[in-house]
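Participant: Return atomic coordinates for the entry below.
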Amino acid sequence: MKKNRVEQLKSRFARAALTCSCATWLLANSAVGFETNATVRESHVSAGNASLYVREIGQGPAVIVLHGGPDFDHTYLVPELDRLSDEFHLIYYDQRGRGRSADGVKPEDVTLASDVSDLDQIRRYFKLDSVVILGHSWGAVLALEYALRYPERVSRLILMNPAPVSQNDFKEMRKERLEKLGPDADRLTAMRASGGYKEGDPDAVAAYYRIHFRAAFARPENLDKIVERLRSSFTKEGILKARAIEDRLMDDTWLSPGYDLLPRLKTLKVPTLVINSDHEIIPAGTPKHIAESIPGARMVTLQDCGHFSYLECPAAVREQIDLFFSRK
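Facilitator: A predicted model of the protein is given here:
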């Protein structure tokens, strides 16, 4: 990293230290008042039989953003994550078969290998020799799968509220999830068995996620924001296709006998930041095991924050990312 960029970030920290604690709390817990004059640029990148929808914003070092799910698209991440666009060139894209990358794609066209290949195609399209990858939830799994295959093509990794990367941690997540859900577990089972849910009715699926993600937030009002955002992009056809794709990707990873990236992560020499939260629906062991496996990785646990940390704690997330980039 160039010296002037490091000095700029150090100056930012010095100024931030003078900010009163009450203002910091407000920034950390609210996205109200966020504005950007940056222009959003949209395009499609050809990847075999898929046309990958891409959304760009900002200037500076390129950061490819990987959404979670894996049955979602990128829209639940914005506009809050766009805060980074004042320093970075953010490249979001909808993964194959999801969101606006669904046209012409059948579920059987999607595998873990195709997702990794698509990510590399995005990198090549933007002529990036080496790139920063930011993955949220499932996106962190995809980021690590890519980095293990092509470590020389990744300059830094930001793993935000990562999902499990081993079958054991996945089983632990399911077990802990059932315990925390309590009576809601039976409600979700009944909802999955309902005609509306099975047929991909957007309202039925949104109602399901309202319960599913209830424990994923430090502040309940943010649940409404995420569910409304998901609902706005739901279509029956899109839900059913994305659901079938999710099943295929789970078979390739968490449900595959012996799936475990942790031993291989010990060979990774990519600077890595792991962001965790204290109001997570993913067990604390998951990010801890990832951070302990990657040499030199730094893990932070944000307080009063949930699984969608970029939404609930934007200032704290930004602070940690700036600190990460200030270190050589």
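Participant: Which residue ranges of the stretch 201-328 of the chain form strands?
Facilitator: Counting by DSSP state E, counting those that start in this stretch, the stretch 201-328 of the chain has strands at residues 272-279, 298-306.
Participant: What ranges does the stretch 151-300 of the chain have for its helices?
Facilitator: For the stretch 151-300 of the chain, helices defined by DSSP state H, counting those that start in this stretch occupy the ranges 167-181, 184-193, 195-198, 202-212, 221-233, 236-252, 262-265, 285-293.
Participant: In TSV, list the ones you listed along with distance to Phe72 and mean neighbour count.
Facilitator: For the C-beta atoms, the positions are set from N, CA and C on the backbone; glycine is no exception. TSV is the format used below for the helices of the stretch 151-300 of the chain (distance: least, CB to CB, whole Å; neighbours: other CB atoms under 10 Å):
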stretch	distance to Phe72	mean neighbour count
helix 167-181	17	15
helix 184-193	17	13
helix 195-198	16	14
helix 202-212	10	17
helix 221-233	7	16
helix 236-252	7	18
helix 262-265	25	16
helix 285-293	19	21
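Participant: Quick one, which of those gets closest to Val116.
Facilitator: helix 236-252 (10.3 Å; CB to CB).
Participant: so Phe126 touches Val63, yeah?
Facilitator: No: look at Phe126 against Val63 with CB atoms under 8 Å: they stay out of range, at 10.9 Å.
Participant: okay, and the common contacts of the two?
Facilitator: Counting by CB atoms under 8 Å, 6 or more residues apart in numbering, the residues touching both Phe126 and Val63 are Ile91.
Participant: The two: who's more crowded?
Facilitator: Val63 (23 against 15; other CB atoms under 10 Å).
Participant: Kindly state the beta-bridge partners for the more buried one.
Facilitator: Note on Val63: beta-bridge partners by DSSP bridges are Leu90, Val132.
Participant: Lys106 is nearest to which of the helices of the stretch 151-300 of the chain?
Facilitator: Of all the helices of the stretch 151-300 of the chain, helix 236-252 sits nearest to Lys106, with 8.0 Å by CB to CB.
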